[in-house]
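> Kindly return the folded structure for what I paste below:
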Amino acid sequence: MNAWWAMARELTSPFTLGLIAFCVAGALLYASRRRRWARASRPSSSPFPPLADPFARGFDLLLDSRWPEAIALLKETVRKDPDRVLEYLELGKLFRRRDDPRRAARLFEQVLVRQELGRDERVMALYELGLSYHAMGLPEHAVKTLEQGLQLMPAHSEARRELRRIYEEMGQWGKAVAVERVRLKRGEATNAQTLAALRTQQAKVACAAGKLRDSTAHLRAALALDPDCTEAMLVLGRLLLRQGKPRRALRVWNSLMQRRPEFLYLTFRDMQTAFRAVKSDVEWESFLRRFIERYPHDPTGQLALAEWHETHGRASDAVACLQRALEVDPLCREAHLALLALYREQDMASDVLTAYERLVQSATWLSCARFRCRACGYRSDDPFWKCPACAVWTTPYRVMPPPSSVALTAGDVGPSRSAASPDAVPVVVARPAPAESQSES
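Below is the predicted model of the structure:
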């Protein structure tokens, strides 16, 4: 009994317990190392190549923007092992991005000849080949290739979007509308603005062909999809006026004033024609005054009223309207030019007016309307319905700067300041407004 008790005391001593813990830890460490070695010796099931693979090294070079080295590495890899598909595809993408679409197309065509090519790889090659054909100026070939890819993989949203854009460039608006409808149905498009814009383009083509009934149907369909489609309202009002329906045209423009009043000035001349046909010229003046009262920060109302005063021989009233327009927007080129024409009619000093005209014509930043894309922030002096920068169909923001300005006389831009005439015409030039932040698309 005493021997057992002595053995138990010996086994529970600190030295013995520490030795046991050390042995257990060593066994666990050895087992984990064995599992790690076994896992490393197995073939990898990952679709990505190991880091030592040339494809991975080429991808690293691409991330570092070292394009020539990446091309050289991938070309060497393809030369040594012609069966490598991913390297072929990446090399073709590089050629296309480096403005060599013909070379890229040849590579993709060589890849597509292989019978053992998988579906995903074939779809990728068809998509890239379609982009290369498009870059080569072969839209028909691009359309055929992209359609083949969509037959193999209908869920390829990028291919469908590119197909729609190519149809737009080709002017095949009906096919572009059909593709956009599929995108909406599949949830690839988040709203119907693009579809409404495409229906508007269909309407413009039908109108140019003399098919006014079809054009009207397209425009009403566009407004049913997007009631805020500004271009559709502008075209529909003009079309109804052309059909001899001024009252209906005025109702459309009234809807435009409720939804997008900043674009109503684009219809002012047509509206004046409709007012004359339905009401009277005096009613047009009353409408302009109400517009100015309702939207005092829009100088286009003052411009239109000044033109009305000028046509009725009221030069002083026209000058007053133009001066108020410049108070609202000192950068309004149209107001400066109209004011210059009125001053010439009043036989003012020719040298002063010449200096004034030189100032206005040389100041390319002068404009009564500035427009900014809702998607990318692109700016233009002219309204656009498809952004030239990001190719998004959208109604732009109309940006009007605050009336912070400094005074400048036309004599100040002459040969010397001492030669300034006492009758110098005051010209208002605004300090550039700070750039606005981009808005959501």
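> Kindly check the end-to-end length of stretch 232-250 for me.
End-to-end span of stretch 232-250 (CA to CA, to the nearest Å): 14 Å.
> So that it lines up with my notes, have the first residue be 489 from now on.
All set: I'll call the first residue 489, so the last point we hit is now stretch 720-738.
> buried stuff in that stretch?
720-729, 733-734, 736-738 (16 or more other CB atoms under 10 Å). In this view, the C-beta of every residue, glycine as well, is placed from N, C-alpha and C.
> what's around residue 719, how many residues?
23 (other CB atoms under 10 Å).
> Quick one: mean pLDDT for the helix or strand containing residue 595?
Under DSSP states H and E, the secondary-structure element containing residue 595 is helix 589-600. Model confidence over helix 589-600, given as mean pLDDT, is 85.
> can you list contacts of it?
Residues outside helix 589-600 that contact it (CB atoms under 8 Å, 6 or more residues apart in numbering) are 573, 576-577, 579-584, 605, 609-610, 613-614, 616-617, 619-621, 623-624.
> ok so, going back, pick out the most distant pair among the buried residues of stretch 720-738.
720 and 734 (18.7 Å; CB to CB).
> Next up, phi/psi of the residue lying closest to residue 753 once chain neighbours are set aside, please.
By the measure of CB to CB, 6 or more residues apart in numbering, the closest residue to residue 753 outside its immediate chain neighbours is residue 788, 3.5 Å from it. Note on residue 788: backbone dihedrals following degrees, to the nearest 10 are phi -70, psi -30.
> Correct me if wrong: residue 788 contacts residue 755.
No. Between residue 788 and residue 755 there is no contact under CB atoms under 8 Å: 10.7 Å.
> So which of these two has more stuff around it?
residue 788 (27 against 21).
> Kindly provide the distance from that one to residue 611.
Between residue 788 and residue 611 the computed distance is 51 Å (CB to CB, to the nearest Å).
> what's the model's confidence in the helix or strand harbouring residue 652, averaged?
Per DSSP H and E: residue 652 is located in helix 645-658. In this model, helix 645-658 carries a mean pLDDT of 95.
> Which elements pack onto that helix?
helix 607-623, helix 627-640, helix 661-673 (3 or more CB pairs under 8 Å, 6 or more residues apart in numbering; DSSP states H and E).
> Strands of this protein, residue ranges please.
Applying DSSP state E to the chain gives strands spanning 858-860, 867-868, 885-887, 893-897, 914-918.
> Using PDB, list the CA coordinates for stretch 620-634.
Extracted C-alpha coordinates of stretch 620-634, given in PDB (Å, rounded to 0.1, in the frame of the first residue of the first chain):
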ATOM      1  CA  SER A 620     -12.200  42.900 -80.900                       C
ATOM      2  CA  TYR A 621     -14.400  42.900 -84.000                       C
ATOM      3  CA  HIS A 622     -16.200  46.000 -82.700                       C
ATOM      4  CA  ALA A 623     -12.900  47.800 -82.200                       C
ATOM      5  CA  MET A 624     -11.900  46.800 -85.800                       C
ATOM      6  CA  GLY A 625     -15.000  48.500 -87.100                       C
ATOM      7  CA  LEU A 626     -16.900  45.300 -88.000                       C
ATOM      8  CA  PRO A 627     -20.200  45.700 -86.100                       C
ATOM      9  CA  GLU A 628     -22.000  42.900 -88.000                       C
ATOM     10  CA  HIS A 629     -19.300  40.400 -87.100                       C
ATOM     11  CA  ALA A 630     -19.300  41.600 -83.500                       C
ATOM     12  CA  VAL A 631     -23.100  41.200 -83.300                       C
ATOM     13  CA  LYS A 632     -23.000  37.600 -84.700                       C
ATOM     14  CA  THR A 633     -20.200  36.700 -82.300                       C
ATOM     15  CA  LEU A 634     -21.900  38.100 -79.200                       C
END
